[in-house]
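Colleague: A structural model of the following input is requested.
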Amino acid sequence: MGNINARSLGKIQRLAQDGDFDMILHVGDFAYNLDMKDGTFGDVFMRQIEPAAAYVPYMTVVGNHEEKYNFTHFVNRYTMPDSDHNLFYSFDIGKAHFIAFSTEFYFFLNYGTEQIRTQYEWIKKDLEKANKNRKNVPWIITMGHRPMYCSDLNSTECTEYDSPIRIGINGSYGLEKLFYKYGVDLEIFAHQHSFERLYPVYNRTVYNGTDNPYHNPPAPVHIVSGSAGCDENTEIFVKHPHPWSAFRSSNYGFSRMQIFNDTHLYFEQTAAATNKIEDKFWLIKDSHKPYDIHDLKKLKTHGFHVPYSYVQHSIHHHHHKHNHHNEKENINNNVYEY
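Modeller: Next up is the predicted model:
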């Protein structure tokens, strides 16, 4: 969300002041950009979020637009719990344990690679600790900027290629396997200027072969929520999305999540222009624990493994067909559900 064209900001400010939120999660990309015009863009943005951030905790995650000067504007403007750098940290609120991490370590290697290992080892220890406390805080939710999976036309890193966040750098320090091993329930991402709800997915295997895939899913659920509004347009989706894509919208909007108890989590997406709920679902977990061999068997039996040939077919087919007519059609009919 930027300080120009921030379509969702007014509604978020009012909802925070009315007490409808307990907390705000801003999953990367601030002001567009915090450093611009000697930081005055960032100053304006900080004043813009104050009507919300003064009322509820405003929890942040670094995005690619904060990269300038080795993320120093982000590091120095925000203060997150138990962190002297704000780039990765965790906290509990109610029944949920949140883990915030930097996806940007995997992309801006000019700043070094040691931070990838440091963050990975910290996340592993934090997940071990969180699993020991699941009787009291059962839900584990992660938030990072760039998604592991997506359906946006302009993003090859989560459509055509395996994301380094997912599989690691040269096969090391990938987070998908780590999150699966320790039973992460929900993974929240942004970066793409759209909203997308995914079916439970792990290692390119999507669990969508049952009547209710969100009841005791054998893999984490991914959400991409990046359409709050900025000086860039919302995204266009590929013509033939991957099977893990359950719902997509390119309307400006914001997400709301409510954790009711140990077993039920509710999630919805609201369109900023109409204030209408575009998408909603319940994530139901009768128990919270690391995924095991039984979950993997369930995933393989009732799921579908997406081959790389599917990626090549779907992306290339859309590239051949894409023209101004299709783009106009997508904008006028920009909500999709399978």
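
Colleague: all helices in the protein, in order from the N-terminus.
Modeller: Here the chain has its helices, by DSSP state H, at 9-17, 40-53, 68-77, 114-132, 164-167, 175-181, 293-302, 308-321, 324-332.

Colleague: Show me how far the third one is from its chain's centre.
Modeller: Helix 68-77 has its C-alpha centroid displaced from the chain centroid by 21 Å (C-alpha atoms, centre = their mean, to the nearest Å).

Colleague: buried set for it?
Modeller: Neighbour-count burial for helix 68-77, counted by 16 or more other C-beta atoms under 10 Å, picks out 71, 73-75, 77. Placement of C-beta: from N, CA and C, glycine included.

Colleague: what residues does that helix touch?
Modeller: Contact with helix 68-77 is made by 30, 33-35, 39, 42, 46, 60, 62, 66, 85-87, 104, 111, as judged by C-beta atoms under 8 Å, 6 or more residues apart in numbering.

Colleague: Could you rerun that using 6 Å?
Modeller: Under the criterion C-beta atoms under 6 Å, 6 or more residues apart in numbering, residues 34-35, 42, 62, 66, 85-86, 111 lie in contact with helix 68-77.

Colleague: Tell me if I'm right that Gln192 and Asp152 touch.
Modeller: Yes: assessed by C-beta atoms under 6 Å, Gln192 is found in contact with Asp152 at 4.5 Å.

Colleague: Overlap in contacts, the two.
Modeller: Jointly contacting Gln192 and Asp152 under the rule C-beta under 6 Å, 6+ apart are Glu235.

Colleague: where does this structure have low pLDDT?
Modeller: For the chain, applying pLDDT under 70 flags the ranges 2-5, 155-156, 160, 231, 233, 311-338.

Colleague: Centre-most residue in it?
Modeller: The chain has Phe189 as the residue nearest its centroid, 1.0 Å off, counting by C-alpha atoms, centre = their mean.

Colleague: Which residue ranges of the stretch 101-250 of the chain form strands?
Modeller: Using DSSP state E, counting those that start in this stretch, the strands of the stretch 101-250 of the chain run over 139-143, 168-169, 172-173, 186-189, 195-198, 201-202, 205-206, 221-225, 245-249.

Colleague: and for the second one, what are the contacting residues?
Modeller: Yep, that's strand 168-169 we're talking about. Outside strand 168-169, the residues within contact range by C-beta under 6 Å, 6+ apart are Gly174.

Colleague: What strands line up against it, and which way round?
Modeller: If you go by DSSP bridges, strand 168-169 pairs up with strand 172-173 (antiparallel).

Colleague: how far out from the middle of the chain is the partner strand?
Modeller: On the basis of C-alpha atoms, centre = their mean, strand 172-173 sits 20 Å off its chain's mean C-alpha point.

Colleague: what's in contact with that strand?
Modeller: 116, 120.

Colleague: And for stretch 49-65?
Modeller: Here stretch 49-65 makes contact (C-beta under 6 Å, 6+ apart) with 12-13, 16-17, 21, 23-29, 32-33, 71, 74, 78, 87, 100, 102, 104, 143, 145.

Colleague: What of stretch 202-218?
Modeller: The contact list for stretch 202-218, computed with C-beta under 6 Å, 6+ apart, reads 180, 199-200, 219, 243-244, 281, 283-284, 286, 295, 298-299, 302-306.

Colleague: If we use 8 Å, what do you get?
Modeller: By C-beta under 8 Å, 6+ apart, the list of residues contacting stretch 202-218 reads 176-177, 180, 198-201, 219-221, 242-244, 246, 281-287, 291, 294-296, 298-300, 302-306.
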